[in-house]
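Enquirer: Got a predicted structure here, sequence first:
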Amino acid sequence: MQLLNLYRFIAAAHLTYAVDAVPDAFSQCGGVMLVAPPEQMKTTVVKCLSGYGDCLVLSDLNVRQLAKYLRDEISRGTYHTLALTAFEKLYKRDADTAANIEASLSAMMEEGFGHASFEDSRAFVRTAKCLVVGALVESAYRQSYSSWVESGFARRFLWVHFRLKDQMLLTRAIVNWEPIQISNGNGLPSLPFGNSIPWTTTKEELIDIWGLIKDQPGHSTPHILCAKVMSVLKWYFRHSESPANEAWAVFRDVSKSFRMREGALVEVEVMEDKPVVSRKR
């Protein structure tokens, strides 16, 4: 799997809020969870979303933050994606608190997050729905997976499993004292303010997508998310000779990481002729 394609897929997932002609029954946002060992560039991938003004990238979160600050921001469209660079940190607290955060995020991905447990349920609140993107180390994933399946939390995410093909990539960068300059192709997709993305995913593509996510713990919400991602990718490649072929090339490459027993090996395309910056002390 090419790292650039994973970038494109995550960016397309963020832009799924703009896909038009989506029935209310399929309005859930879903989530994408990146699972890999430590030092595999998970955080780097999540942080690619920081270039979008309507995506909030955080390292930690609690329910009071959600209820007091973020719920209103999300419900009025200030943010369409909530990205967590270290998802395991949510569980570095007592079990009840962690379960409360988990339940709130689950609601945000599907029916919407309304009242927090400590709020008066009679009071009016606007429901907040958004895409949730997280990065998680494999040890934390294995520790919590069974409970996530039982609670229904797992079925709301598309689980992306990977590791770097070149395990010495980061070590070489440190030894050479040169930060890795990752190629982003022609840039990630951006949406002009107020525009929408047409729904172009066909029934045949919906069937093919289902076949690619069949190993996932959940099918409905990930299937809906992937269907919208396909429309976004077609829109992104709309000026190419074959938008559908370009979109499927990206989707099939990333789908290697959907296989729950294997995952994908990520190849990183590094930019050449990097500028050297020296600092005098």
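Expert: Okay, I see it.

Enquirer: average pLDDT for the top helix by length along the chain?
Expert: In the chain, taking DSSP state H as the definition, the longest helix is helix 220-236. For helix 220-236, the mean pLDDT works out to 97.

Enquirer: Keeping just the C-alphas, turn it into PDB.
Expert: Listed in PDB are the C-alpha atoms of helix 220-236, where the atom choice follows Å, rounded to 0.1, in the frame of the first residue of the first chain:
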ATOM      1  CA  SER A 220     -23.300  -1.300   7.600                       C
ATOM      2  CA  THR A 221     -21.600   1.900   8.800                       C
ATOM      3  CA  PRO A 222     -18.200   1.100   7.200                       C
ATOM      4  CA  HIS A 223     -20.000   0.200   3.900                       C
ATOM      5  CA  ILE A 224     -21.800   3.500   3.900                       C
ATOM      6  CA  LEU A 225     -18.600   5.400   4.700                       C
ATOM      7  CA  CYS A 226     -16.600   3.600   1.900                       C
ATOM      8  CA  ALA A 227     -19.400   4.200  -0.600                       C
ATOM      9  CA  LYS A 228     -19.200   7.900   0.100                       C
ATOM     10  CA  VAL A 229     -15.400   7.800  -0.100                       C
ATOM     11  CA  MET A 230     -15.700   6.300  -3.500                       C
ATOM     12  CA  SER A 231     -17.800   9.300  -4.700                       C
ATOM     13  CA  VAL A 232     -15.200  11.700  -3.200                       C
ATOM     14  CA  LEU A 233     -12.300   9.900  -4.900                       C
ATOM     15  CA  LYS A 234     -14.100  10.100  -8.300                       C
ATOM     16  CA  TRP A 235     -14.700  13.800  -7.700                       C
ATOM     17  CA  TYR A 236     -11.100  14.300  -6.800                       C
END
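
Enquirer: For the stretch 151-281 of the chain, give me the ranges with low pLDDT.
Expert: Applying pLDDT under 70 to the stretch 151-281 of the chain picks out residues 183-186, 271-281.

Enquirer: let's see 80
Expert: 181-188, 192-194, 260, 270-281 (pLDDT under 80).

Enquirer: In it, what residue spans correspond to strands?
Expert: 157-164, 264-266 (DSSP state E, counting those that start in this stretch).

Enquirer: Only C-alpha atoms, please: export the helix or strand where Phe9 lies in PDB.
Expert: Assigned by DSSP states H and E, Phe9 belongs to helix 3-14. Extracted as PDB, the C-alpha positions of helix 3-14 are listed here (Å, rounded to 0.1, in the frame of the first residue of the first chain):
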ATOM      1  CA  LEU A   3       1.300   6.000   1.900                       C
ATOM      2  CA  LEU A   4       0.100   8.600  -0.500                       C
ATOM      3  CA  ASN A   5      -3.000   6.500  -1.200                       C
ATOM      4  CA  LEU A   6      -3.700   6.200   2.500                       C
ATOM      5  CA  TYR A   7      -3.400  10.000   2.800                       C
ATOM      6  CA  ARG A   8      -5.900  10.300  -0.100                       C
ATOM      7  CA  PHE A   9      -8.300   7.800   1.500                       C
ATOM      8  CA  ILE A  10      -8.300   9.600   4.900                       C
ATOM      9  CA  ALA A  11      -8.800  13.000   3.300                       C
ATOM     10  CA  ALA A  12     -11.600  11.600   1.200                       C
ATOM     11  CA  ALA A  13     -13.200  10.200   4.400                       C
ATOM     12  CA  HIS A  14     -13.100  13.600   5.900                       C
END
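
Enquirer: Can you spell out which helices and strands pack onto that helix?
Expert: helix 42-47, strand 131-137, strand 157-164, helix 220-236, helix 243-255 (3 or more Cβ pairs under 8 Å, 6 or more residues apart in numbering; DSSP states H and E). To be clear about C-beta, it is placed using only N, CA and C from the backbone, and glycine gets the same treatment.

Enquirer: Save these as CSV, and put in distance to Phe9 too.
Expert: Formatted as CSV, these follow (distance: least, Cβ to Cβ, whole Å):
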stretch, distance to Phe9
helix 42-47, 10
strand 131-137, 11
strand 157-164, 8
helix 220-236, 7
helix 243-255, 4
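
Enquirer: Format these as a markdown table; extra columns: mean neighbour count and distance to Asp96.
Expert: Shown next, in a markdown table, are those (neighbours: other Cβ atoms under 10 Å; distance: least, Cβ to Cβ, whole Å):
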| stretch | mean neighbour count | distance to Asp96 |
| --- | --- | --- |
| helix 42-47 | 20 | 27 |
| strand 131-137 | 23 | 21 |
| strand 157-164 | 23 | 22 |
| helix 220-236 | 24 | 25 |
| helix 243-255 | 19 | 36 |
